[in-house]
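> Got a sequence here, can you model it:
(one chain, ligands or ions: 2)
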Amino acid sequence: MSKIVRKTMLVSALMASLYSLAAIAVQDQAIPDDAIGLSKTSVYDVPEPAVTEYGEADAGTVGKRAERSYMTAPPMIPHTTKDMLPIRQDFNLCKDCHVQPALIGEKITKGLPVPAPASHYVDVKEGQLYMGRWNCTQCHAPQAKVSPLVKNTFKKPGGK
Ligand code: HEC
Ligand code: HEC
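Ligands and ions are numbered 1, 2, ... in the order given. Model prediction:
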C-alpha cells in the first residue's frame, strides 16, 4: 500500500468516527416539549385560545375607519357583520349599503357607507358590481380586540 493511500484511509476513518460522534451528540440534545412550536406550552397540551369577540357596533354608528395595514390593503370592516353572513348568491347586504357609485370621490360624513371603490365595478356609471367582488368577506374582515399569540413584526413599506 502506498503511503498516500494509507494516509487517505486513515483520514476517512477518522472523519467517519467524527461524524458518528456528532450524530450521538445531536441525539443527546432532546428539544423540550414546550420549545418545539410557537406556543409556550408543551406540544402535548391542547391550548384553549380566548374566544374571538367581534365588535357589536351597528353599521353607520362607528363613524371611524380602521387604519389600513398598508397601501391597497382591503380595509377592515369597522361595524358588526351580525346577520349579514354568510354571503350567498341571493343574499348580500353589504352590497345594498356599499354599492354607491354616486358617492365615489364625495366627502363621506358619519353614518354614510363608504362607497365600494371603482375597482369593484364592471361599470361604475351603471353601478354594476364585478362578480369577482361578490364575496366581500373574502377580502374584508371584521375587527376584534385580541392580543395576538405571536407578535407580528410586519411593517408597511416606507412605515416607521
Ligand atoms: C346598513 C348599511 C351597511 C351594511 C349592510 C354594511 N355596511 Fe359596511 N359600512 C357602512 C357604514 C355606514 C360604514 C362607515 C363606518 C360606520 O359608520 O359604520 C361602513 C364601513 C365599512 C368598511 C370600511 C371602509 C373603509 O374605507 O375603512 C368596510 C370595509 C365595510 N363597511 C364592509 C362591509 C361588508 C363586507 C359588509 C357585509 C358583510 C358591510 N360592510 C355591510 C354601512 C354598511
Ligand atoms: C378580491 C378582494 C376584494 C373583494 C372580494 C371585495 N373587496 Fe372591497 N376592497 C378591496 C381592496 C384591496 C380595497 C382597497 C382598494 C384601494 O385601496 O384601492 C377595497 C376597498 C373597499 C372599500 C373602501 C373604499 C374606500 O374608499 O376606502 C369598501 C367600502 C369596499 N372595498 C367594500 C367592498 C364590498 C361591499 C365588497 C363586496 C360587494 C367588496 N369590497 C369586495 C378588496 C376586495
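
> so what's Asn125 up against?
In this structure residue 125 is Lys, not Asn. Pro101 (C-beta atoms under 8 Å, 6 or more residues apart in numbering). Using the backbone N, CA and C atoms, a C-beta is placed for each residue, glycine as well.

> Quick check: phi and psi on it?
With angles defined as degrees, to the nearest 10, Lys125 sits at phi -60, psi -40.

> Okay, now the unreliable bits of this structure?
For the chain, applying pLDDT under 70 flags the ranges 1-2, 14-28, 159-160.

> can you map out the strands along it?
Counting by DSSP state E, the chain has strands at residues 121-123, 128-129.

> between these, which one is nearest to ligand 1?
Ligand 1 sits nearest to strand 128-129 of all those, at 12.4 Å, using C-beta to the nearest ligand atom.

> For that closest one, which helices and strands make contact with it?
strand 121-123 (3 or more C-beta pairs under 8 Å, 6 or more residues apart in numbering; DSSP states H and E).

> how far away is Arg65 from ligand 2?
7 Å (C-beta to the nearest ligand atom, to the nearest Å).

> my guess is that residue contacts His79, does it?
No - with contact defined as C-beta atoms under 8 Å, Arg65 does not count as touching His79 (10.4 Å).

> Between those two, which has more neighbouring residues?
Using other C-beta atoms under 10 Å, the more surrounded residue of Arg65 and His79 is His79, with 21 against 11.

> Near ligand 1, which residues of this protein are found?
By C-beta under 6 Å from any ligand atom, the part of the chain that sits against ligand 1 consists of 59-63, 65-66, 75, 77-79, 81, 84-85, 93-94, 96-98, 111-114, 136-137, 140.

> I'd like to know which of these are buried.
Buried members of these, scored by 16 or more other C-beta atoms under 10 Å, are 59, 62, 77-79, 81, 84, 94, 97-98, 113, 136.

> Find the pair from the residues you listed with maximum spatial separation.
For those, the farthest-apart pair by C-beta to C-beta is Val62 and Cys136; their separation is 16.5 Å.
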